[in-house]
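Engineer: What follows is a predicted protein model with its sequence.
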Amino acid sequence: MWRDVVEISRLKNLILASITVPLGAHIALSGEWSSDAIIQICIQTCSVIFFMASGNIVNDIYDLEIDRKAHPERVLPSGRMSISTAKKFTLGFGLFSFVLMSIGFTLNQSWYAVLIWILAFLLMISYDMGWATKQKGILGNVVISLLVAAVILYGGASVSSLSSPLLWYASAVAFFANLGREIIKDCEDMESDYNRETLPKIVGLEKARMYGYISVLASLVLLYIPHWKGPLSFGLLPLQIPAILMLITLNAPLMKGDDYVAQRRVRLAMLFGLLGFAVAVNF
């Protein structure tokens, strides 16, 4: 049972969240940690992990009919977990996230973290329910990318610091990189997404890949600007070489139509870019 819970929660996404929240805090604090900040980030990282797990399960519930054809091996279509059980985990994980966020608030009174959590919750429920932005082409991609960018800011807000320009640059990098990745993923899943009006279906695969690449290039520019205009020195730009190389070579798999390789490369480049910023603040 618990192996299925981990699988439906998207372990890779949860691991990325467990890295990204502390990275956001590290950038906001300029590497100057205190014991209180460590406790706070441990609590809020767990809050984000439960939040994302809840959202991922909701997404799988709404994608059940698609997954029956495209991914029958997944937890719900394979019958390894019932819909009612999945809903219970969704509610439970969502409640855990809220409780942990509230505990964090009682410790440092950061209304910024509360506000980001509430906005993220509204974005999450708008994706599959209510407005159902998932069904509205690129708008759904934007919503997911805002949620990813919010994780960086949540890390900073958790230690009561959103004033760092670098934190906002890092969040913007995450937004544009993930937006490009989401568009490329829609290209990859075009055949299975029969009931979604995705960007590739609207403009075609080639144009969609081009738009995805443009978004990725925007994240590349945002990796560079803090070293050009500040607050980081230009001499620290080599810290971004791994991310830069992965992004500028993205056109090769895209031209071949290898969307799977391309979208995975973007996610890895995004992580390398954030790590580059996190290391740079120590100098």
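Structural biologist: Perfect, thanks for sending it.
Engineer: C-alpha only now, for contacts and for neighbours.
Structural biologist: Noted.
Engineer: Please point out which parts of the helix or strand hosting Tyr127 sit buried.
Structural biologist: Here Tyr127, judged by DSSP states H and E, is contained in helix 111-128. Within helix 111-128, the residues scored as buried using 16 or more other Cα atoms under 10 Å are 112-114, 116-117, 120-121, 123-128.
Engineer: again, but for stretch 63-81
Structural biologist: Those would be 63-64, 66-67, 70-71, 74-77, 81, for stretch 63-81 by 16+ other Cα under 10 Å.
Engineer: sorry, back to before: okay if I get the buried residues of helix 111-128 as a markdown table plus pLDDT and distance to Lys256?
Structural biologist: What follows is the buried residues of helix 111-128, written out as a markdown table (pLDDT from 0 to 100; distance: Cα to Cα, whole Å):
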| residue | pLDDT | distance to Lys256 |
| --- | --- | --- |
| Tyr112 | 92 | 44 |
| Ala113 | 93 | 42 |
| Val114 | 95 | 44 |
| Ile116 | 96 | 39 |
| Trp117 | 97 | 39 |
| Ala120 | 96 | 35 |
| Phe121 | 96 | 37 |
| Leu123 | 94 | 34 |
| Met124 | 93 | 33 |
| Ile125 | 91 | 35 |
| Ser126 | 91 | 34 |
| Tyr127 | 89 | 31 |
| Asp128 | 83 | 32 |
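Engineer: if we can go back for a sec, dump the buried residues of stretch 63-81 into JSON lines; add distance to Leu179 and secondary structure as well.
Structural biologist: Output for the buried residues of stretch 63-81, formatted as JSON lines (distance: Cα to Cα, whole Å; DSSP: H, G, I helix; E, B strand; the rest coil):
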{"residue": "Asp63", "distance to Leu179": "20", "secondary structure": "coil"}
{"residue": "Leu64", "distance to Leu179": "24", "secondary structure": "helix"}
{"residue": "Ile66", "distance to Leu179": "22", "secondary structure": "helix"}
{"residue": "Asp67", "distance to Leu179": "23", "secondary structure": "helix"}
{"residue": "Ala70", "distance to Leu179": "23", "secondary structure": "helix"}
{"residue": "His71", "distance to Leu179": "23", "secondary structure": "coil"}
{"residue": "Arg74", "distance to Leu179": "25", "secondary structure": "coil"}
{"residue": "Val75", "distance to Leu179": "27", "secondary structure": "coil"}
{"residue": "Leu76", "distance to Leu179": "27", "secondary structure": "coil"}
{"residue": "Pro77", "distance to Leu179": "28", "secondary structure": "coil"}
{"residue": "Met81", "distance to Leu179": "31", "secondary structure": "coil"}
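Engineer: and the two most separated of the residues you listed?
Structural biologist: Greatest spatial distance among those (Cα to Cα): Ala70 and Met81, at 17.7 Å.
Engineer: and the buried residues of helix 111-128 as CSV, adding distance to Leu146?
Structural biologist: Shown next, in CSV, are the buried residues of helix 111-128 (distance: Cα to Cα, whole Å):
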residue, distance to Leu146
Tyr112, 16
Ala113, 15
Val114, 16
Ile116, 11
Trp117, 12
Ala120, 8
Phe121, 11
Leu123, 8
Met124, 10
Ile125, 13
Ser126, 12
Tyr127, 11
Asp128, 15
